[in-house]
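J.: kindly return the folded structure for what I paste below:
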Amino acid sequence: MEHPGIRTVTLGCKVNQYETEYVREGLLSAGYVDADQDQPADLCIVNTCTVTHSGDAKSRQTIRQLARKNPDARIIVMGCYATRAPEEVSQLPGVVEVVTDKRELPDLLGRHGVIDIPTGVSGLSDRHRAYLKVQDGCLLRCSFCIIPKVRPQMYSRPLAEIIAEAKRLIDRGFRELVLTGIHLGHYGVDFNQGKPKQQWIRLSHLLRSLAELAGDFRIRISSIEATEVTHELIDVLAQFPDKVCPHLHVSMQSGSDGVLRRMRRRWGSSRFVDRCRLVQQTLDLPALTTDIIVGFPGETDSEFMETCNVVREIGFSKIHIFPFSARRGTVAAKMPDQIPPHEKQLRSRHLAEVEQETRAEYYSCLQGKKLQVLFESVSKDQNHLAGTSCRYAPVEVAVDPADSAHDALGTLCTVSADKVANNRIVASRDLQVARL
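T.: Below is the predicted model:
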């Protein structure tokens, strides 16, 4: 009897990618196999996103495409769009089940024959870095965000469970662990209720415990709020420069205090800048990246320019730019003075030009520096390796004819940043410390 084939598709964030892999590995343990690319699958898993209208549309499109290419497959849909609109999702072709709560995933696996429910993952099948989910849920009430309504339950994974999973990932050869969560900075909040402050567990405690593990690996923190970039967290980054990447993705959303108030954000622009300055003063040339929404309801030209000015002041090396997308059920969706789509497009392009300036300025500061790189791909001509540096800058290194480029994939190597070209660092290997 042939083993049933599965196909998984993930839309959205790193947490979704982790959870898809959790389901996939569980099903593989029960006798399922990954369906070949040219073969129809028996079971399809779609993990959806609902952060924007585009996320909803891509989720629907993906489900319809899977139904056409896998006409006999059962399609199970999970994720934030499935939680927000389960009836709408259930009407799509091929859908046999809609999972509206990620806490139900162990039950889902059990219904499909999984006996030993996994407590984590062993990596991502097509990546050289591993995502490590440590937290779920968000209790904030930003006026534009639907996520607290689809992931309202705050949950932090036990420290011992995370450490055990990290050790497994390191033993399997993953050299970068990316800490992920819906609201990463709130790790431990649920543990701390009712306890005296001196007994609280925070993200800084988790990060220190991971950094103290033995092995050749590094840790990267994914998106975090500036309010949760604490002195304790910065201290851990400073104490473990070889283990914790000097890179923080600090969510800003806007640099205008007026817009931030309408967004119901917790900090104004001045406190945000001050915290970024503290990071830059404490660490050695840290990379700061961020998310920004353009065209929020009522955003004036001058408020948009305030955002551009703050971007220049901080010097972000990368910005995820999101034209405002009104989500039904959020306060911002009903706000007056909605910005026309063409104006949001113009502002997005302008902000992208500002981002290009700040990225080039930051990359130029890295020239002559030693960078730790995780090699992730080989050029078609086999002459160059490409990877991601500890400071999140893409790096390209020429391959010595005597080396096998593919042998270097997934390894960490120290390189010297020689120059900047085509939005990446062109580097040479440091032969004294290279690990190829």
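
J.: show the pLDDT at Pro401.
T.: pLDDT, Pro401: 69.

J.: and for Leu66?
T.: Taking Leu66 on its own, its pLDDT is 97.

J.: roughly how far does the closest residue to it other than its chain neighbours sit from Cys80?
T.: Of all residues not flanking Leu66 in the chain, Cys44 sits nearest, at 4.8 Å (Cβ to Cβ, 6 or more residues apart in numbering). Heads up, the C-betas are built off the backbone N, CA and C, glycines and all. For Cys44, the distance to Cys80 equals 18 Å [Cβ to Cβ, to the nearest Å].

J.: ok, Ala408 next?
T.: Distance from Ala408 to Cys80, by Cβ to Cβ: 37 Å.

J.: the two: who's more crowded?
T.: Neighbour count, other Cβ atoms under 10 Å: between Ala408 and Cys80, Cys80 has more, with 28 against 22.

J.: for that one, what are its contacts?
T.: 12, 16, 48-51, 55, 146-147, 150-151 (Cβ atoms under 8 Å, 6 or more residues apart in numbering).

J.: so which of those sit within strands?
T.: Thr48 (DSSP state E).

J.: how far away from the center of its chain is the lowest-mean-pLDDT helix or strand in the chain?
T.: For the chain, counting by mean pLDDT, DSSP states H and E, helix 405-408 ranks last in confidence among helices and strands (a mean of 78). From the chain centre to the centre of helix 405-408 is a distance of 26 Å (Cα atoms, centre = their mean, to the nearest Å).

J.: in three-state terms, label the residue nearest to Leu66 for me.
T.: Per DSSP: H, G, I helix; E, B strand; the rest coil, the secondary structure class of Cys44 is strand.

J.: ok, now Glu21?
T.: Going by three-state DSSP: Glu21 is helix.

J.: neighbours around it, how many?
T.: Neighbour tally, Glu21, other Cβ under 10 Å: 24.

J.: which helix runs longest in the protein?
T.: Secondary structure of the chain per DSSP state H: the longest helix is helix 341-366.

J.: who touches the next helix-or-strand element following it?
T.: Next helix or strand after helix 341-366 toward the C-terminus (DSSP states H and E): strand 370-378. Outside of strand 370-378, the residues within contact range by Cβ under 8 Å, 6+ apart are 127-129, 175-176, 218, 242, 384-391, 393, 395, 397, 399, 405-406, 408-417, 425, 427, 430.

J.: identify each buried residue in strand 370-378, please.
T.: Buried residues in strand 370-378, defined by neighbour count with 16 or more other Cβ atoms under 10 Å: 371-376, 378.

J.: looking at these, which is nearest Asp235?
T.: Asp235 has its nearest neighbour among the buried residues of strand 370-378 in Gln372, at 20.4 Å by Cβ to Cβ.

J.: what is the burial count for the closest residue to the closest one other than its chain neighbours?
T.: Leaving aside its chain neighbours, Gln372 sits nearest to Cys390 (4.3 Å; criterion: Cβ to Cβ, 6+ apart). The number of residues packed near Cys390 is 25, by other Cβ under 10 Å.

J.: list the contacts for Cys390?
T.: Here Cys390 is in contact with 218, 245-247, 371-373 (Cβ under 8 Å, 6+ apart).

J.: pipe those residues into a markdown table and attach pLDDT and distance to Thr289 per row.
T.: Shown next, in a markdown table, are these (pLDDT from 0 to 100; distance: Cβ to Cβ, whole Å):
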| residue | pLDDT | distance to Thr289 |
| --- | --- | --- |
| Arg218 | 98 | 17 |
| Cys245 | 98 | 11 |
| Pro246 | 98 | 12 |
| His247 | 98 | 7 |
| Leu371 | 97 | 16 |
| Gln372 | 96 | 17 |
| Val373 | 97 | 17 |
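
J.: which one of those sits closest to Ala238?
T.: Nearest to Ala238 among the contacts of Cys390, with distances taken as Cβ to Cβ, is Pro246, at 8.9 Å.

J.: return the residues in contact with the closest one.
T.: 237, 283-287, 390-391.

J.: likewise Tyr32?
T.: Taking Cβ under 8 Å, 6+ apart as the test, what Tyr32 contacts is 3-6, 43, 112.

J.: who wins for neighbours among these?
T.: Ile6 leads the contacts of Tyr32 on contacts (other Cβ under 10 Å) with 21 neighbours.

J.: list the contacts of the nearest residue to Trp200 once chain neighbours are set aside.
T.: Residue nearest to Trp200 in three dimensions, not counting chain neighbours: Asn192, with 4.3 Å by Cβ to Cβ, 6+ apart. Each residue near Asn192 by Cβ under 8 Å, 6+ apart is listed here: 199-201.

J.: could you list the low-confidence segments of this structure?
T.: Applying pLDDT under 70 to the chain picks out residues 1, 125-126, 401-403, 430-436.
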